[in-house]
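[1] Any chance you could fold what I've pasted below:
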Amino acid sequence: MNLANKITIARIFLVPVFMFFLLVNVPRGEYIAAIIFIIAASSDSLDGYIARSRDQITKFGKFMDPLADKLLVSAALISLVELEKISAWVVVIIIAREFAITGLRVLAASEGITIAANWWGKIKTITQILAIITLLLDNFSFINNTFPIDKILVILAVLFTVISGVNYIYINREVFTSGR
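    Numbers count the residues shown, from 1 in each chain. The predicted structure is shown next:
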């Protein structure tokens, strides 16, 4: 088990810890949850960098890293619905896109095709993480300002989620017709 995979596993274990501090009545729990979320979300870049720089990319990492990301983001979004900080329809769109693209990747893999991440997917991830952080912190840096940065980031996250999903499907549409 290499360091990158250990970081990925740690990110998965942080998900219930994050949810505990967010959903259980703990003093300053939402801030602790936000810090845990930021650490976990940041570890995604770190484990990828370590795996690539040390030439330690593994099948385990290829499978578990995106799963860890989806668990973290899904847990955060579902928790935010429970806390009434985000609409359920937004979360359904984001999670549905993740299922659809994961299904596309599985179908492609069964045909020997690898679907690499592209910059639309990276923008989607960044906007989702920023939206979640601002929602967790109740627009913390904008409290004295009426500028709704959290709502703008949620709209951008949904927009880039849809665009990236359509982009992946369009670019890889041959997967649906290969192997019939």
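
[2] which regions of the chain sit below the pLDDT cut-off?
    Scanning the chain for pLDDT under 70 picks out 140-145, 178-180.

[3] Okay, domains of it per the record?
    The chain breaks down into these domains under automatic domain parsing: 1-84, 86-180.

[4] Just the helices from the protein, written as ranges.
    3-23, 29-53, 59-82, 88-110, 119-136, 149-171, 174-177 (DSSP state H).

[5] what's the most buried one of those helices?
    Of these, the one with the most neighbours on average (mean count of other C-beta atoms under 10 Å) is helix 119-136, at a mean of 20. (C-beta placed from N, C-alpha, C; glycine too.)

[6] Restricting to C-alpha, output that helix in CSV.
    Coordinates of each C-alpha in helix 119-136 appear next as CSV, following Å, rounded to 0.1, in the frame of the first residue of the first chain:
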residue,chain,number,x,y,z
TRP,A,119,-10.6,20.3,-17.9
TRP,A,120,-14.5,20.6,-17.9
GLY,A,121,-14.5,17.9,-15.2
LYS,A,122,-11.8,19.7,-13.2
ILE,A,123,-13.7,23.0,-13.4
LYS,A,124,-16.8,21.1,-12.3
THR,A,125,-15.0,19.7,-9.3
ILE,A,126,-13.5,23.0,-8.3
THR,A,127,-16.8,24.8,-8.4
GLN,A,128,-18.6,22.1,-6.5
ILE,A,129,-15.9,22.2,-3.7
LEU,A,130,-16.0,26.0,-3.5
ALA,A,131,-19.8,25.9,-3.4
ILE,A,132,-19.8,23.3,-0.6
ILE,A,133,-17.2,25.3,1.4
THR,A,134,-19.2,28.6,1.1
LEU,A,135,-22.4,26.8,2.1
LEU,A,136,-20.7,25.0,5.0
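
[7] what does it rub up against?
    22, 30, 33-34, 37-38, 41, 69, 73, 76-77, 80, 85-86, 94, 140, 142, 149-150, 153-154, 156-157, 160-161, 163-164, 167-168 (C-beta atoms under 8 Å, 6 or more residues apart in numbering).

[8] between it and helix 88-110, how many degrees?
    150 degrees (axes from the mean of the first three to the mean of the last three C-alpha atoms, to 10 degrees).

[9] Could you figure out how far helix 119-136 is turned away from helix 59-82?
    Helix 119-136 runs at 40 degrees relative to helix 59-82, counting by the same axes, to 10 degrees.

[10] tilt between helix 119-136 and helix 29-53?
    Using the same axes, to 10 degrees: helix 119-136 against helix 29-53 is 160 degrees.

[11] centre of the chain versus helix 119-136, how much separation?
    Here helix 119-136 is found 7 Å from its chain centre; the criterion is C-alpha atoms, centre = their mean, to the nearest Å.
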